[in-house]
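K.L.:
can you look at this prediction? I've put the sequence above it.
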Amino acid sequence: VIAVLDPDTDKPVSVPVDVLTVKPSVIIPNIVIKAVPDKDGVFVASIPAGPTEPFAIDVRVYGDPALDAPVVAGITPAPKPITVIAPSKPEEPKGTVKGFPAESPVFCPVSFSVTTHDSPIDVVATDSDGFDHPVVLDTDAHGITHAVFMPKTPDTYSVAVQLDNKPVPDSPFNIEIYPLDIALLGEDINSPRPHVVLKDRPFHFVVAIDDSHHKPVVVPPQSITVRLSGPSRPRARVLTPTEPGRYPVTFTPTQNGEYKLQVYLYDNSLLPQPKLISLILLPHISEVSLIHPLIARSSEPVSCTIPLITVNGEPYTPLKPDQLTVKIDTPDQPIELVNVSISPKPDAPGQYDVTSESPIKPGDYFVVPLLEGTPLLDSPIPLTVVGDVSPPHCTVNIPRYITHDKIPYDIVVLAKDDHDRVVPYGDTVFVATITPVTTSDTPVPDAALTDVHAQPAHEPVKVTLGYTQDGRYHLPWTPAQCPGDYEVNITLNDTPVASSPFHVSATLLASPPHSLMEVVTVLTVTARVFVFANKEERKKHGGDKIDIVVRKTRTEEIIYPLIVKDNEDGTYTVTWIHDKGGEGEFEVSATINGQTVSNSPMYYKAAK
């Protein structure tokens, strides 16, 4: 027994027998499965005796699979004939009409059945104007006649049924045919502007079918067809609906131009007039590049270049400036636009320069290039507009202790505005004033201060920091040739930057031959390095570069993650976890600023 159910109510739905197919999923000789109507939405399928091996049965309605998985059936031959006597089912009285609906949508088949028992039958469907409409009749082997007719207009129809030239009980039957409300959904399909479609990408929209009460109308998806005519005739596909009465449609255009679109239900047009859509087909779109790399200054207009559009590698030039628009949105208020001007780039066909008509206040924005109102990119481009450099928000990287007399130490200033945004423009003038606080009696070489030539170390020196990139300014400095304490004041337009002035100590050079280390092992390994300035005097400050190398033998170096702590009193603590290398004796070598410590190497043993 096969029941065709409404998915929402789980009640049987009357469908014509010709839309139901029941067959083995593979070809089996001499197997024919017949399904005959039993009552509304219920069919009885009989399988003749035959194969003894199980086989799958496939059930389809309107050609679509009706089951999650085929039913597996098998027939086992009886060892001897068995006679089964079943109670006879009472016959339906002749002239019984079943499944006649009270209402139905226009352009959809109306079907019902009549018990005829081979008697002559006549069915006439008449509209309110008295015009008759054709009715298709089909009588099965059980004496049941199935009637189907297709109403073409909304109206009240009268259906007269006669057997043996006499009306059946309750004939004629009335049915209300209600109109359909058709809508095409989707931003692209309803936009008044031409639609931009990338090559090989489908165009999507949805056909919505409702009744006069705005309730969705469910029809088989294969009963809907969409036809297009224009520069080409792309084939439209109606996809499986994801919600009742909403039928997704997709097609892939191959040429630019204007297309006419019509929707049909059982070959009846649903739109009063064909829908006109204009398509612009773009084979390729390059990335958007900005003159300022996603950052602009609030004191000047924003400039950028919209995409270079190419076809087969060549610039695509038929576009006109009035087809192109660019908007600069704020993330929290996307409707607020900034006015921009667009002009073709003379030295780059297919590219267009975009400039805001006025400066933009500092903040975060999005740049959105559009062609005929359609965004050219999948996502907008972030744009940061920065203000003027604010000295209190600038950050400075400067060492506290300097010990090496050959390697310059960089004073680095990162320029920021008052919202902590980096200002990546090299037109800001930072001045560093370096003033000795205490100095030694060591003679001062001319190049004691790099970029500060022939200046005595005991006098203040003013130096302009040089611009590198990304908002960074720097000054290389090697004061360790002149030991002592220095005060560094960094200003912008005589305004000190954050945390200025800074204090730097240029200490005595380390003397590795007079320095010592010790190695202690308690779960972790600790090496302490004692740095001396000379044979008798231990250093009082840090700032040296300490390196440790561990070897199990003289050739097998083991790399451990080292933690180096500068105690800033002339001592350093280096620790690592002995988690590889196994047991045995290990050699520890230490260097200070690249030179070996006097009692290096030392040794420790690892044991379980």
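P.N.:
Here it is on my side, so go on.
K.L.:
who touches Arg400 in this structure?
P.N.:
Counting by Cβ atoms under 8 Å, 6 or more residues apart in numbering, Arg400 touches His503, Val504, Ser505, Gly543. Quick note: C-beta positions are derived from backbone N, CA and C, even for glycine.
K.L.:
quick check: pLDDT value at the last one.
P.N.:
Confidence at Gly543, expressed as pLDDT, is 80.
K.L.:
assign it to helix, strand or coil.
P.N.:
The three-state label given to Gly543 by DSSP: H, G, I helix; E, B strand; the rest coil is coil.
K.L.:
can you give me the distance of the residue nearest to it when sequence neighbours are not counted to Pro120?
P.N.:
Leaving aside its sequence neighbours, Gly543 sits nearest to Tyr401 (Cβ to Cβ, 6 or more residues apart in numbering; 3.1 Å). Taking Cβ to Cβ, to the nearest Å as the measure, Tyr401 falls 116 Å from Pro120.
K.L.:
please say which of these two ends up with more neighbours.
P.N.:
Tyr401 (17 against 9; other Cβ atoms under 10 Å).
K.L.:
in the sheet, who's paired with the more buried one?
P.N.:
Ser505 (DSSP bridges).
K.L.:
try Pro369
P.N.:
Applying DSSP bridges, one finds that Pro369 bridges with Val326.
K.L.:
was I right about it contacting Val326?
P.N.:
Yes. Using Cβ atoms under 8 Å, Pro369 is in contact with Val326, at 5.0 Å.
K.L.:
how far off centre is stretch 255-274?
P.N.:
Centre-to-centre, stretch 255-274 and its host chain are 33 Å apart (Cα atoms, centre = their mean, to the nearest Å).
K.L.:
quick revisit: buried subset of the contacts of Arg400, written for PyMOL?
P.N.:
Selecting only the buried entries of the contacts of Arg400 in PyMOL, with 16 or more other Cβ atoms under 10 Å as the criterion:
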select buried, resi 504+505+543
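K.L.:
thinking again about what came up before, which ones are touching the residue nearest to Gly543?
P.N.:
In this structure, Tyr401 makes contact with Val504, Ser505, Ala506, Thr507, His541, Gly542, Gly543, Glu568, judged by Cβ under 8 Å, 6+ apart.
K.L.:
state the pLDDT value of it.
P.N.:
73.
K.L.:
contacts for stretch 4-12?
P.N.:
Applying Cβ under 8 Å, 6+ apart, the contact partners of stretch 4-12 are Ala3, Val13, Val15, Leu20, Lys39, Asp40, Gly41, Val42, Phe43, Val61, Ala66, Pro244.
K.L.:
again, only this time at 6 Å
P.N.:
For stretch 4-12, contacts defined as Cβ atoms under 6 Å, 6 or more residues apart in numbering pick out Ala3, Val13, Val15, Asp40, Gly41, Val42.
K.L.:
can you tell me the SS state at Val226?
P.N.:
Assigned with three-state DSSP, Val226 falls in the strand class.
K.L.:
what's around it, how many residues?
P.N.:
Using other Cβ under 10 Å: Val226 sits among 22 other residues.
K.L.:
what does Ala66 give?
P.N.:
Quick note: Ala66 (other Cβ under 10 Å) scores 15 neighbours.
K.L.:
what pairs with the closest residue in space to it that isn't next to it in sequence across the strands?
P.N.:
Nearest residue to Ala66, sequence neighbours excluded (Cβ to Cβ, 6+ apart): Val59, at 4.7 Å. Beta-bridge pairing of Val59 under DSSP bridges involves Val22.
K.L.:
check contacts around Val59.
P.N.:
Neighbour list for Val59: Val22, Ala66, Leu67 [criterion: Cβ under 6 Å, 6+ apart].
K.L.:
returning to that earlier point: including distance to Asn599 and pLDDT, could the contacts of stretch 4-12 go into CSV?
P.N.:
Shown next, in CSV, are these (distance: Cβ to Cβ, whole Å; pLDDT from 0 to 100):
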residue, distance to Asn599, pLDDT
Ala3, 95, 82
Val13, 96, 78
Val15, 98, 75
Asp40, 103, 75
Gly41, 99, 76
Val42, 100, 81
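K.L.:
for PyMOL, what selects the buried ones among these?
P.N.:
Provided next is the PyMOL selection string for whichever of the contacts of stretch 4-12 are buried by 16+ other Cβ under 10 Å:
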select buried, resi 15+40+41
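K.L.:
what's the closest of the contacts of stretch 4-12 to Val135?
P.N.:
Proximity of those to Val135 (Cβ to Cβ) peaks at Val15, which lies at 17.1 Å.
K.L.:
quick one, phi psi at that closest one?
P.N.:
Dihedral angles of Val15 (phi, psi; degrees, to the nearest 10) stand at phi -130, psi 150.
K.L.:
residues touching it, list them.
P.N.:
Val4.
K.L.:
mind doing that once more with 10 Å?
P.N.:
Applying Cβ atoms under 10 Å, 6 or more residues apart in numbering, we find Val15 in contact with Val4, Pro37, Asp40, Gly41, Phe43, Val61, Tyr62, Gly99, Pro109, Ser111, Pro220.
K.L.:
now name the helix or strand holding the second one.
P.N.:
Taking DSSP states H and E as the definition, Pro37 sits inside strand 34-39.
K.L.:
what score does Glu336 have for pLDDT?
P.N.:
45.
K.L.:
and for Asn489, the neighbour number?
P.N.:
Count around Asn489 with other Cβ under 10 Å applied: 16.
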